[in-house]
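> return atomic coordinates for the entry below.
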Amino acid sequence: SYETGFIKGEGKREVTECSVDYKGKRLTGDALKAQVDKWASLGVMEPSAAESIKAVVDNPKWVDLSDRYFVLLGATSAMGPLDLLLACGANIIAIDLDRPFIWEKLITKARKSPGTLTFPLSKPQAEVANDEELFKVSGSNLLGATPEIANWLVDVCPGKALTIGNYTYLDGALHVQLSLACDAIMDKVCKARPDTSIAFLCTPTDCHNIPADAYETAKRNYAKRPMWMRLVEGPLKMKKNLAKPVEESGLYLSDGITVNQGPNYALAKRMQHWRAVLARDAGHVVSSNVAPSTSTASVTSNTLFAMAYRGFKLFSALEVMRPETSSSGMLALLINDLRNPESASNPKNKLDNPMQLFAANAFHGGTFRTQYKVGTIGVTCVLYAYLAAYWPVAAGVTGALGYAAKFVAVGPSRS
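Numbers count the residues shown, from 1 in each chain. Coordinates of the predicted model:
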């Protein structure tokens, strides 16, 4: 297994209440309550998510996380909660690649924060000569040392209840392998430490169980779609976001799977759902909330994805969030799941169907309630973004082509 490194932050905890960063403002108190109610009314998030965030607003003591221990698998992930958790004074147990630049970043952040950082080392910390060496001997590879990481986590921070969050991502088949590694770690730690809770960020581009009210809203939005959508939905192959209720269970589904993300991504996310369902059934608290589409650097570096995001505003309920909005909103939902005994995350609260876990507290960015399947609007969104950016050129080319066609047909005009 590993030796254990530890860093105690020297910063002062300044976070004393729930906040969400949105459009350049830090929303707290009544302003935050008003915003989540607005998002719920527009269909950007489920009403249950709005109520959960308001519960955290009403209980400011919940944001003091100095009593909580979070295992972050993929600690430096763009959508991970590392920075926000440290700012709340949390105790972080970080798992990330054994690359010196990663650990220089992590350890520097931890030292400046009011939280703590615990991490695997390849040699005892007492034998490390300086920071440069510390950065070199820190970390571990989830794919190459899965059993060793699991064994280390079973014994780390004894007597403390852990929350293990999977925030990892890799392209292609490696994503499936990485999800399998994280699943094995979660399974072993949950069995060895029964008070462990687990956490995921669910993608909106997946097939999810949705509340009946969300289905009815999507149905109304489809019925009220503007004429231009009616004209182009056939040629551009846009499919309505309305699936018949599942036989026997009566559950409603929203198919948000995006083909461009590939089967490996879908399988990796499905494995996370399975782990969430199994862990909750075994008595563990499970925070597995749907997060909104987010304009992270890795996503918007793909030109087509960036252009598609610009066209989301054409459709009812859809809104792409900035990373700071998604991260702070999802942290509020995580805090509610861990602190609020009435949350759907708590296995003591009965669900009619285990898949309803993913319908509760969803901050999905509108995918549950928009009129079309989000995986079928990409071409329309990209065309809109292209025309919006280059309409003067497009208008000029169209005019020139029209003039050329007229010239060929009737010759030059004569005065």
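> switch to C-alpha atoms for all contacts and neighbour counts from now on
Noted.
> stretch 289-303: which residues count as buried?
Counting neighbours by 16 or more other CA atoms under 10 Å, one finds that the buried residues in stretch 289-303 are Asn289, Val290, Ala291, Pro292, Ser293, Thr294, Ser295, Thr296.
> quick one: strands adjacent to whatever helix or strand Leu27 lives in?
Applying DSSP states H and E as the criterion places Leu27 in strand 25-28. Applying DSSP bridges, strand 25-28 is found paired with strand 19-22 (antiparallel).
> which stretches of the stretch 51-200 of the chain form helices?
Using DSSP state H, counting those that start in this stretch, the helices of the stretch 51-200 of the chain run over 82-87, 100-112, 131-137, 146-155, 173-192.
> export the ones you listed to JSON lines and tack on mean neighbour count and distance to Pro120?
Formatted as JSON lines, the helices of the stretch 51-200 of the chain follow (neighbours: other CA atoms under 10 Å; distance: least, CA to CA, whole Å):
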{"stretch": "helix 82-87", "mean neighbour count": "22", "distance to Pro120": "17"}
{"stretch": "helix 100-112", "mean neighbour count": "18", "distance to Pro120": "11"}
{"stretch": "helix 131-137", "mean neighbour count": "17", "distance to Pro120": "9"}
{"stretch": "helix 146-155", "mean neighbour count": "18", "distance to Pro120": "8"}
{"stretch": "helix 173-192", "mean neighbour count": "19", "distance to Pro120": "15"}
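> turn these into CSV, including mean pLDDT and distance to Ala282.
Output for the helices of the stretch 51-200 of the chain, formatted as CSV (pLDDT from 0 to 100; distance: least, CA to CA, whole Å):
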stretch, mean pLDDT, distance to Ala282
helix 82-87, 98, 27
helix 100-112, 98, 33
helix 131-137, 98, 36
helix 146-155, 98, 18
helix 173-192, 98, 9
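> could the ones you listed go into a markdown table alongside distance to Asn302?
As requested, the helices of the stretch 51-200 of the chain are exported to a markdown table (distance: least, CA to CA, whole Å):
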| stretch | distance to Asn302 |
| --- | --- |
| helix 82-87 | 25 |
| helix 100-112 | 24 |
| helix 131-137 | 32 |
| helix 146-155 | 31 |
| helix 173-192 | 18 |
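> low-confidence regions, the stretch 251-400 of the chain specifically.
Low-confidence regions of the stretch 251-400 of the chain, defined here as pLDDT under 70, cover residues 393-400.
> what about the buried residues of stretch 289-303, which are in strands?
The members of the buried residues of stretch 289-303 that map onto strands under DSSP state E are Asn289, Val290.
> quick check, nearest of the buried residues of stretch 289-303 to Ser343?
Of all the buried residues of stretch 289-303, the one with the least separation from Ser343 (CA to CA) is Asn289, at 11.4 Å.
> my guess is that closest one contacts Ala360, does it?
Yes: judged on CA atoms under 8 Å, Asn289 makes contact with Ala360 at a distance of 7.4 Å.
> tell me, how many residues neighbour Ala145?
Close neighbours of Ala145, defined as other CA atoms under 10 Å, add up to 12.
> helix, strand, or coil at Ser287?
Secondary structure state of Ser287, per DSSP: H, G, I helix; E, B strand; the rest coil, is strand.
> what is the closest residue to it other than its chain neighbours paired to in the beta sheet?
Leaving aside its chain neighbours, Ser287 sits nearest to Ala199 (4.6 Å; criterion: CA to CA, 6 or more residues apart in numbering). Going by DSSP bridges, Ala199 is paired in beta bridges with Gly165, Ser287.
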